[in-house]
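Peer 1: Would you be able to build a 3D model of this:
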Amino acid sequence: MPRIKTTADDGSIRARAFVIAFAIAPASQYWVASTWNGFTIMSLFINAIFVVFVLAGSNRLVARWSPEAALRPGELLLIYAVLAASTAAVGHDTIEMLTQVIGYPAHFASPENEWETILFRHLPRWLFVWDKNIVAGLYHNGETFFARRTIAAFVRPLAYWSAFLVALYTAMVCLDLLLRRQWTDRERLAFPVAQIPLGVMRSGGEVFGSGRFWIGFAGAAALSLLNGLHQLYPSVPGLTYGKFDLGALFTEAPWNAIDAAYVEFLPFVFGLAYFIPVELSFSIWFFYWFWKVIAVAGRAAGLHRIPGFPGFWSQGMGGMMLMGAMFLWWARHHIGAVVRDVLRGRRSSDDDSPYRFAVVGFVVSAMFLVGFLAFAGMAVWVGVLFLGSYFVMSIVTTRLRAQVGPPTHELPFTASGMLTSFLGVRSLPAGSLAGFAVFRFVDFGQRGTPMPQVLESLYLRDRLQSRSAGRFVAAIVAALVIGTLVGFVGNLQRSYVYSVQTWVGDWAFPQVASQLQYRPTGVDLAYIVYFVIGGAMVLLLGILGRTFFWWQLHPLGYIMGGEWMLRHLWFPIFLAWAVRWTLLRFAGIAGHRKTVPLFLGVTLGDATMLGLWSLYGTIFREWTISYVYW
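Peer 2: Sure, this is the predicted structure:
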């Protein structure tokens, strides 16, 4: 099929692209939010790349008959950016966690735990639903959110929560706009994950004419088809279905400290990890096993008796704070120049970024967020520290995706945990401690956070030379608003139909009730020691990497090496590293480039089948395969 013809105005975005994007987005987001398909667990959202892949393929057919009617690369990008941003707003670790919190205090309060006396007076009542009959439906199967009485009870708290989330996401967009040129032009980060959608959208969809692409696509799709059929009908062979737990081989101390370490072949993860630079993919799987070796050695030496050993969460938070400070320091000249231009009313000369919106928008959003936290009962100074730490974590997560491109960026470190450890429970006001429980969803996980998704869309916009920066950013902000609203409705409907999980509330509210009643701890010295060790390790690895060109261990690998999802993902990442390293070693850059369409096909083939299996499961109410075989 011929290449899609382009025009001199190929970089412009016509109104039809906005119509298509915002017609598809609500249905796509409700699909993600109302069914547990795990789409926001991974860094590349299946629904977004699946829809754009189908549109790009259809576009080839349209171009054959009417080139002018075909969507341009920049228009496909707009649709992808809207889908990615709105899906991020649905949030595996944001709205999904928040829906567990809204009705938790009312449902689980009892005379035995005395929450009404100890806890309730410190909670912002306007952010919760307190009717026990209404929230009971969240914890029983077969209910519905769409009953008039239920919707009426949720309208007020959801309006407040939506305002908070939209302000939070707007601040993230503004940070992306401020950091974009520093990371894309000056430091030239690789953006590995972005290469998948870029390969679909660029050059008129030329990848569709590649034989290597279709070989990879067909192989991965066939495996996913068989594995899905095997789950539904066990008599069908599932060639790569399931996983083998290496940790199960070690049942005695100290080796049982290895815990779970699955060997499983996941084509989507394998294809995605192939685009990670070799030294970075090596760092991911190396540090996964590094942390396990530390756990085993610690058990053998008796160090496991030390509180919190080996302190991955504490060390990781120390590493993130140091790296966030480093990234901002490196970008200080660029950010300073932008702020000066905005204050002087001058237009920046380096690009068409809406810097005035970025600076003013961040300041206004941050002030609103601090005010919101204060109105919810948190001390202003605590709110500033809490939000500041959270934004530093978001910057590091965004940098992790832009530079490393891991299949997931789950970073389970919390700003609230850091503040309570450094300041001590006794030193924090009661309203601030209660606020940490209420806003626990904000600073946990980082998997579905919009900031990395938005920066990646801005990078793709540069690569595709798309115009209309202001309208592009406005579309992303609008997508975040829509994603937030649809995300609440979809997640709550799923919770009423299938019953909500409770682990967030189980973790947060009993803990804060105990803290408020007994005020048991001061400064956590063990946490601080781990925190300092983590920062020192990140600094040492950074110095070694800048001093010795042959040094392969990256500090970003260190802070993500112990994350929970790697128990499923380390093996396909290892395989992708081994294949890419071998090709570069023996075939060079030219040989590596020839394989790019093949691995693009592997990623998209599995993604397409996972999307189709999810649709099948949604329609027929069947549990089908997802990214990992739980």
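
Peer 1: List the buried residues for stretch 46-64?
Peer 2: Judged by neighbour count (16 or more other CB atoms under 10 Å), stretch 46-64 contains these buried residues: 46-53, 55-56, 59-60, 63. (C-beta placed from N, C-alpha, C; glycine too.)

Peer 1: err, stretch 381-396, not the other one
Peer 2: Residues 382-387, 389-396 are the ones in stretch 381-396 that count as buried (16+ other CB under 10 Å).

Peer 1: Tell me which of these fall in helices.
Peer 2: 382-387, 389-396 (DSSP state H).

Peer 1: Of those residues, just say which sits nearest to residue 267.
Peer 2: residue 396 (28.9 Å; CB to CB).

Peer 1: hey, where'd the strands end up in the stretch 401-550 of the chain?
Peer 2: In order along the chain, the stretch 401-550 of the chain carries no strands (DSSP state E, counting those that start in this stretch).

Peer 1: Of the buried residues of stretch 381-396, which pair is most distant in space?
Peer 2: The span of the buried residues of stretch 381-396, defined through CB to CB, is set by 382 and 396 at 21.4 Å.

Peer 1: Show me the contact partners of stretch 135-151.
Peer 2: Contact with stretch 135-151 is made by 99, 102-103, 106-107, 129, 134, 154, 489, 492-493, 495-500, 502, as judged by CB atoms under 8 Å, 6 or more residues apart in numbering.

Peer 1: What's the PyMOL syntax to select whichever of those residues are buried?
Peer 2: Applied in PyMOL, the following selects the buried portion of the contacts of stretch 135-151 according to 16+ other CB under 10 Å:
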select buried, resi 99+102+103+106+107+129+134+154+489+492+493+495+496+497+500+502
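
Peer 1: just to revisit the earlier point, now the buried residues of stretch 46-64 in a markdown table, with distance to residue 591, pLDDT and secondary structure?
Peer 2: Shown next, in a markdown table, are the buried residues of stretch 46-64 (distance: CB to CB, whole Å; pLDDT from 0 to 100; DSSP: H, G, I helix; E, B strand; the rest coil):
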| residue | distance to residue 591 | pLDDT | secondary structure |
| --- | --- | --- | --- |
| 46 | 30 | 90 | helix |
| 47 | 34 | 91 | helix |
| 48 | 31 | 93 | helix |
| 49 | 26 | 93 | helix |
| 50 | 30 | 92 | helix |
| 51 | 33 | 93 | helix |
| 52 | 29 | 93 | helix |
| 53 | 26 | 93 | helix |
| 55 | 32 | 92 | helix |
| 56 | 27 | 90 | helix |
| 59 | 31 | 87 | helix |
| 60 | 28 | 84 | helix |
| 63 | 32 | 82 | helix |
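
Peer 1: Go through those residues and say which is closest to residue 169.
Peer 2: residue 48 (16.3 Å).

Peer 1: if we take the buried residues of stretch 381-396, which one ends up nearest to residue 326?
Peer 2: Nearest to residue 326 out of these is residue 396 (CB to CB; 9.4 Å).

Peer 1: residue ranges of the strands in this protein, please?
Peer 2: Counting by DSSP state E, the chain has strands at residues 244-245, 262-263.

Peer 1: which other helices and strands contact the first one?
Peer 2: For strand 244-245, the packing partners by 3 or more CB pairs under 8 Å, 6 or more residues apart in numbering; DSSP states H and E come out as strand 262-263.

Peer 1: now the ones in helices among the buried residues of stretch 381-396 in a markdown table, with distance to residue 142 and pLDDT?
Peer 2: Formatted as a markdown table, these follow (distance: CB to CB, whole Å; pLDDT from 0 to 100):
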| residue | distance to residue 142 | pLDDT |
| --- | --- | --- |
| 382 | 41 | 97 |
| 383 | 40 | 96 |
| 384 | 44 | 97 |
| 385 | 43 | 97 |
| 386 | 38 | 96 |
| 387 | 39 | 96 |
| 389 | 41 | 95 |
| 390 | 37 | 94 |
| 391 | 41 | 95 |
| 392 | 43 | 95 |
| 393 | 38 | 93 |
| 394 | 38 | 94 |
| 395 | 43 | 95 |
| 396 | 42 | 94 |
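
Peer 1: As TSV, those residues with distance to residue 552 would be great.
Peer 2: As requested, those are arranged in TSV below (distance: CB to CB, whole Å):
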residue	distance to residue 552
382	41
383	41
384	39
385	36
386	36
387	36
389	30
390	31
391	30
392	26
393	26
394	27
395	25
396	21
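
Peer 1: So for residue 614, what's the nearest residue that isn't a sequence neighbour?
Peer 2: Excluding the flanking residues, the one nearest residue 614 by CB to CB, 6 or more residues apart in numbering is residue 37, at 4.5 Å.

Peer 1: Equivalent analysis for residue 156, please.
Peer 2: Excluding the flanking residues, the one nearest residue 156 by CB to CB, 6+ apart is residue 126, at 6.7 Å.

Peer 1: Same question for residue 87.
Peer 2: Residue nearest to residue 87 in three dimensions, not counting chain neighbours: residue 45, with 4.7 Å by CB to CB, 6+ apart.

Peer 1: Check residue 356 too.
Peer 2: In space, residue 356 is closest to residue 342, 5.3 Å off (CB to CB, 6+ apart).

Peer 1: just residue 486 next, same as before
Peer 2: Of all residues not flanking residue 486 in the chain, residue 29 sits nearest, at 4.2 Å (CB to CB, 6+ apart).

Peer 1: That neighbour contacts residue 483, correct?
Peer 2: Yes: applying CB atoms under 8 Å, one finds residue 29 in contact with residue 483, separated by 5.3 Å.

Peer 1: if I look at the two, which residues touch both of them?
Peer 2: Residues touching both residue 29 and residue 483 (CB under 8 Å, 6+ apart) are 86-87, 89-90.

Peer 1: For those, pick the one with the most neighbours.
Peer 2: Using other CB atoms under 10 Å as the neighbour criterion, residue 86 leads these with 33 neighbours.

Peer 1: Tell me who's in contact with that residue.
Peer 2: By CB under 8 Å, 6+ apart, residue 86 lies in contact with 25, 28-29, 479-480, 482-483, 486.

Peer 1: repeat for residue 247
Peer 2: So residue 247 contacts 256, 258-261 (CB under 8 Å, 6+ apart).

Peer 1: got it, and residue 421?
Peer 2: Residues near residue 421 by CB under 8 Å, 6+ apart: 314, 523-524, 527-528, 531.

Peer 1: Residue 374 against residue 380, yeah?
Peer 2: Yes: counting by CB under 8 Å, residue 380 is a contact partner of residue 374 at 5.1 Å.

Peer 1: Please say which of those two ends up with more neighbours.
Peer 2: Counted by other CB under 10 Å, residue 374 and residue 380 do not tie: residue 374 has more neighbours, with 18 against 12.

Peer 1: if I look at the more buried one, how far off is residue 368?
Peer 2: According to CB to CB, to the nearest Å, residue 374 and residue 368 sit 11 Å apart.

Peer 1: And residue 620, by the same measure?
Peer 2: Distance, residue 620 to residue 368, using CB to CB: 44 Å.

Peer 1: And those two? Which one has more around it.
Peer 2: With other CB under 10 Å as the criterion, residue 620 and residue 368 differ in neighbour count, and residue 368 comes out ahead with 17 against 9.
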